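A.B. asks: fold the following for me, if possible:
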Amino acid sequence: MNEKTIALVNNVAILVSNDVEKLVPIKPICDALGIDYSRQLQKLKEDDFLSSTMGLVPTVAADNKEREMVCLPLRYVFGWLFTINPKNVNPEAKEAVTRYRLECYDTLHNHFYGNLSKQIEANTREIELLEEINNYTEKKSLITSEIKERQSALAKIRAERLKNEPTLF
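C.D. replies: Numbering: from 1, shown residues only. Sure, this is the predicted structure:
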């Protein structure tokens, strides 16, 4: 099996298979964080969604022997890690897990509120542009009307000038 390191968790390399669906073993992460693997496995099994994505995959263990390990697709590992309470990890990992959770909270906020904020900005700019277009359209109507008046006045001047009848008074 072809594997590569995707992250260091508490200075432990986390390997992922190079298959089409990248799968990450959860036991090395639990070991690196000092959390109970069996408890995490139970949590994953109880989660209706994550339990449907888990699988046993031959993976090289810490002792360099190939074993079947419970794995999650890479795209779901980050959500699972978010559920880990910093109170339950070993002291060396507590600060990193806390920082990770805070970053997740910030990322979720920025994603959902940021999109809303961008939408409000876009709506505001759209309203401003529509108002400007409306103002220019009104000015264009006034200018068009004035142009027609002047063209009419010019036509009268030309018509008068081209008359061959002399006027005395």
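
A.B. asks: for residue 62, which three-state class applies?
C.D. replies: Using DSSP: H, G, I helix; E, B strand; the rest coil, the structure places residue 62 in coil.

A.B. asks: which stretches of this protein form helices?
C.D. replies: 27-33, 37-46, 48-53, 74-82, 91-162 (DSSP state H).

A.B. asks: what is the last one packed up against?
C.D. replies: Judged by 3 or more Cβ pairs under 8 Å, 6 or more residues apart in numbering; DSSP states H and E, the packing partners of helix 91-162 are helix 27-33, helix 74-82. Any C-beta I mention is one placed from the backbone N, CA and C, and that applies to glycine too.

A.B. asks: and if you look at the fourth one?
C.D. replies: Where contact means 3+ Cβ pairs under 8 Å, 6+ apart, helix 74-82 is packed against strand 23-25, helix 48-53, helix 91-162.

A.B. asks: apply 10 Å and report the result again.
C.D. replies: strand 3-9, strand 12-17, strand 23-25, helix 27-33, helix 37-46, helix 48-53, strand 66-73, helix 91-162 (3 or more Cβ pairs under 10 Å, 6 or more residues apart in numbering; DSSP states H and E).

A.B. asks: great, nothing more from me.
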